[in-house]
Structures are given as structure tokens and as C-alpha cells.
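A.B. asks: the sequence and its predicted three-dimensional model are supplied below.
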Amino acid sequence: MSIEVKVPPLPESVTDATLVAWHKKAGDSVRRDENLVDLETDKVVLEVPAPADGVLKEIKVADGTTVTSGIVLAVLEPGEVAAETAAEPAALPVADADADAKQSEPAAAAVSSDEASHKMGPAVRALVEEHDLDPSQISGTGRDGRVTKSDVLSHLAAHGEASAAGDDSVAPVNIGATGAAGYGRSEQRVAMTRLRARVAERLVEVQRNAALLTTFNEVDMSAIIGLRKRYQDEFIKRHDIKLGFMSFFVRASIEALRAYPMLNASVDGTDIVYHEYFDIGVAVSTDRGLLVPVIRDAQTLSLAAIEKTISDYGQRARKGDIGMEELTGGTFTITNGGIFGSMMSTPILNPPQSGILGMHSIQQRPMVVDGEIVARPMMYLALTYDHRIIDGRDAVQFLVHVKQQLEDPARLILEI
């Protein structure tokens, strides 16, 4: 008896999803729990697994279609799946003699262009089509060999270097008086991903509905850097994770939020909701855009537990394995533009939250300490807040409190 493969129940507050790409085509054999298709919501990519072994008899919904819970995506004919033949991997023993070839050559030989294209998101597929690339020639580093944007860019860089190194068949570009020879004026129109469209919508919404204001300060990171250098090796041995900066900022923010609870509040109509818990969102950059997974009850976690949670969230967010419930409900957010080299910026609120802390790159700068000019590792901090419920004085003092915690980490232990 045939089995209908349906759109699973979508997360709360999500009404529909976009079918991104099928990983199988009609007539393919599939195994139970093998991912058949990716569905993209505003925040996450959901996988739809095969309910049983069998053959994918019919695909009813094409790529790019908007779907809702319960819609039939495909029809599966259950049955035994024949063992996979060894015809394709036959060339593998040749590659065993060379470690590098073993990782690169078989992928190109065994994966068809169609199969590789199914392992790309919309943005990556658009980039591949823009440069007229064969996806089967691009080594995917994502989950299940999925091709990411970084993989495409690396492929382009390598291809460009190879051409420059000595491809005599490519004629040099002759730039004449106009300075524009060889350069066209083509355009590419690519639909926004669900995530990018939702981010754009929320950013415009918060600009329209909140009274945004940003205050700045700077923090001397000497004490934190000294602690990390002194205890890093022992910390790694005991906790199997590196001691980073973000855990200190999470803890410092929590102590500041305790002192200034209006930064941990949100507006609901004409009411102010004060949250008596601390669910801290930490912004993570992915190929699909910015995601903000939430560290629940962060006030109960040690530095090591915070670091492990952040590391786990970061890895799963980039793989697309993070769930909607892990991306909603935060009370305060921290974003780190410093990892991209940002010296100073004005972060924008993550609604309905009322505050967001921006970290930036650490730079050696001359500072006056005890009447002498010395070089210190300094970081600019930025706090964007909703002026509707937060006064400027409270916002400034909140940021000063964060600064004090970081410049004297003993305060984090003593909770003062």
C-alpha cells in the first residue's frame, strides 16, 4: 500500500514553508529516515525523512513551492531496497595510494551534476548558475556533502588562480581608453530566501515600531585576556572546550541585567513585561544569513557550559540542524561584529527584546593609566535600546556595569 509523504507539523507561529530542494527523484530507491526534501521556514530548514524503505513513486510538489502542514509532497511505494552496487566506488582503491586524491577525485567521479545540485540551497544554486559552474566539480563541506557558499567561493578562487597560472587559451583583456573593455553590464535577479525576507521584514518593523537609540563605551580587555592565557590549557583539559570571550560577556550581561531589569523587559501593547529569567540570544553568522540561537536560563550555567552551548549552537546553525524552538523567546541579545573586523557599529534590536549588546574587534590603543600612556587591548561596546521603556541614564549605567564586570572579572564570581 502506498504511503503519502506529507509536510510535517510546522513550528509554532510558522504558517508555511518553501520547498527548497528534493534530494531524490521519482523512481529512486530510498531507505527509512533518509532525507527526501528540505523545507525552509523563516528561521530553519526542516528535513522530511522517508517513512519507510521503498521507491519514491511520485513527486507532487516542485522546488520553490510554498507549502503548509499536511500537504502531500510525494508518494512512496514501500518495499525492500536492493543493496547498492559497487560500480561507482570501483575507482576508490586507486585513490587510496594518495590521501589528497582520496578526498577529492572520487567525489567528482561518482556524483552527477543533478545529484550535486540537489545538495545546494537557493542562494548557493544562484551563485553556481551565475558563474556557469558544474556543481559536481565542487567539493561540498556541508552536512551530507552539501555544497555551501564558501565551497563555491573557494572553487572560484582556485579556478581563477589556475587560469592566471598559465591557461594560454584565455586571451588577455585589452583595456583601452574607455577602461571598460571586456566588462559587461549584466544583472542577476535572485529571489530572497525565506530567512533573508523575514530578517528584512523584522528589521523594518523594529525601525518603525521602536524608539531606537545607541550608547557607546569601551572596555580594557587586559584582565580577561590574562585569565584566558593563564588558565586556557587547564580549562581545555577539564572541560574539553576553549575558554572564549563570549562566555564572559554573557555572564557580565546577566549581572548588568539583574541591576537594570528594564533591559531584560519587552513591550506588549501598553504593558511592560519584566522577565525574571535570562534567555540570552547569541548571534551566529551562517550561509543562509544571521541566526540568533538562545541560551536558556543562562544565569544557571558555568562559563564552560556557556561555551559548550554556544559552540554546539554555532555548529548546528551552520549545518541547518538547529530547531525553531532554539531560535525564539530570547530576552536579550549579544552580537559580535568584531569577528569580521568591525571597530564600531550600531546593532539593531531583535524584537520584542528591548536591548542588544554589540561587541567589536580588540585593538591595541594608547590609554592613560595612572598618569602614564600605555598600550592596552581595547574594545568598543555598543548598546542599542528601546527608548520607549529605557531611559538614557539606565542604558549608560547598564553599559558601565558590563564594563566593570569585564575589567574586574572577580566581580563575576562575587556577583557584585
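C.D. replies: That came through, no problem. Numbers count the residues shown, from 1 in each chain.
A.B. asks: my read: I280 touches F332, true?
C.D. replies: Yes - if you go by Cβ atoms under 8 Å, I280 and F332 touch, sitting 5.7 Å apart. Glycine gets a C-beta too; all of them are placed from N, C-alpha and C.
A.B. asks: those two - which one has more neighbours?
C.D. replies: I280 (30 against 26; other Cβ atoms under 10 Å).
A.B. asks: burial of D312, as a residue count?
C.D. replies: Neighbourhood size, D312 [other Cβ under 10 Å]: 15.
A.B. asks: tell me which element it falls in.
C.D. replies: Assigned by DSSP states H and E, D312 belongs to helix 303-319.
A.B. asks: just the C-alphas of that helix, formatted as PDB.
C.D. replies: Extracted in PDB, the C-alpha atoms of helix 303-319 (Å, rounded to 0.1, in the frame of the first residue of the first chain):
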ATOM      1  CA  LEU A 303      31.500  29.600  31.800                       C
ATOM      2  CA  ALA A 304      32.300  26.100  30.400                       C
ATOM      3  CA  ALA A 305      28.600  25.300  29.900                       C
ATOM      4  CA  ILE A 306      28.000  28.600  28.200                       C
ATOM      5  CA  GLU A 307      31.000  28.000  25.800                       C
ATOM      6  CA  LYS A 308      29.800  24.500  25.000                       C
ATOM      7  CA  THR A 309      26.200  25.700  24.300                       C
ATOM      8  CA  ILE A 310      27.500  28.400  22.000                       C
ATOM      9  CA  SER A 311      29.800  26.000  20.200                       C
ATOM     10  CA  ASP A 312      27.000  23.500  19.700                       C
ATOM     11  CA  TYR A 313      24.600  26.100  18.500                       C
ATOM     12  CA  GLY A 314      27.100  27.600  16.100                       C
ATOM     13  CA  GLN A 315      27.900  24.200  14.500                       C
ATOM     14  CA  ARG A 316      24.300  23.100  14.200                       C
ATOM     15  CA  ALA A 317      23.100  26.500  12.900                       C
ATOM     16  CA  ARG A 318      25.700  26.400  10.100                       C
ATOM     17  CA  LYS A 319      24.600  22.800   9.200                       C
END
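A.B. asks: quick one: contacts of that helix?
C.D. replies: Outside helix 303-319, the residues within contact range by Cβ atoms under 8 Å, 6 or more residues apart in numbering are 142-143, 235, 238-239, 241-244, 246-248, 250-251, 282, 284, 286-287, 291, 293, 295, 298, 301, 322, 326.
A.B. asks: so which of those are in strands?
C.D. replies: Those of the contacts of helix 303-319 mapping onto strands are V282, V284, T286, L291, I295, per DSSP state E.
A.B. asks: circling back: overlap in contacts of I280 and F332?
C.D. replies: Here I280 and F332 share the contacting residues S253, scored by Cβ under 8 Å, 6+ apart.
A.B. asks: before we move on, back to that, save the ones in strands among the contacts of helix 303-319 as JSON lines, and put in neighbour count, distance to G337 and pLDDT too.
C.D. replies: Formatted as JSON lines, these follow (neighbours: other Cβ atoms under 10 Å; distance: Cβ to Cβ, whole Å; pLDDT from 0 to 100):
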{"residue": "V282", "neighbour count": "25", "distance to G337": "13", "pLDDT": "96"}
{"residue": "V284", "neighbour count": "20", "distance to G337": "13", "pLDDT": "89"}
{"residue": "T286", "neighbour count": "17", "distance to G337": "15", "pLDDT": "81"}
{"residue": "L291", "neighbour count": "24", "distance to G337": "15", "pLDDT": "86"}
{"residue": "I295", "neighbour count": "24", "distance to G337": "19", "pLDDT": "97"}
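A.B. asks: now, the most widely separated pair of the residues you listed?
C.D. replies: Of all pairs drawn from the ones in strands among the contacts of helix 303-319, the greatest distance, 17.3 Å, lies between T286 and I295 (Cβ to Cβ).
A.B. asks: so what secondary structure elements neighbour the strand of greatest length in the chain?
C.D. replies: In terms of residue count, the longest strand belonging to the chain (DSSP E) is strand 372-386. The helices and strands touching strand 372-386, judged by 3 or more Cβ pairs under 8 Å, 6 or more residues apart in numbering; DSSP states H and E, are strand 212-220, helix 222-239, strand 355-359, strand 362-369, helix 392-407.
A.B. asks: reformat the ones you listed as a markdown table; add mean neighbour count and mean pLDDT.
C.D. replies: Shown next, in a markdown table, are the helices and strands packed on strand 372-386 (neighbours: other Cβ atoms under 10 Å; pLDDT from 0 to 100):
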| stretch | mean neighbour count | mean pLDDT |
| --- | --- | --- |
| strand 212-220 | 17 | 97 |
| helix 222-239 | 13 | 95 |
| strand 355-359 | 26 | 97 |
| strand 362-369 | 13 | 95 |
| helix 392-407 | 18 | 97 |
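A.B. asks: export the ones you listed as a markdown table, with columns for distance to M378.
C.D. replies: Formatted as a markdown table, those follow (distance: least, Cβ to Cβ, whole Å):
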| stretch | distance to M378 |
| --- | --- |
| strand 212-220 | 5 |
| helix 222-239 | 9 |
| strand 355-359 | 12 |
| strand 362-369 | 5 |
| helix 392-407 | 11 |
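A.B. asks: how near is the residue positioned nearest the centre of the chain to I348?
C.D. replies: The centroid of the chain falls nearest to T286 when counting by Cα atoms, centre = their mean (2.7 Å). According to Cβ to Cβ, to the nearest Å, T286 and I348 sit 18 Å apart.
A.B. asks: with just CA atoms, put the next helix or strand after the helix holding D312 into CSV.
C.D. replies: For helix 303-319, the following helix or strand on the C-terminal side (DSSP H and E) is strand 332-336. What follows is strand 332-336, C-alpha atoms only, in CSV (Å, rounded to 0.1, in the frame of the first residue of the first chain):
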residue,chain,number,x,y,z
PHE,A,332,18.4,39.9,25.5
THR,A,333,20.9,39.5,22.6
ILE,A,334,24.7,39.8,22.2
THR,A,335,26.2,40.1,18.7
ASN,A,336,29.9,40.1,17.9
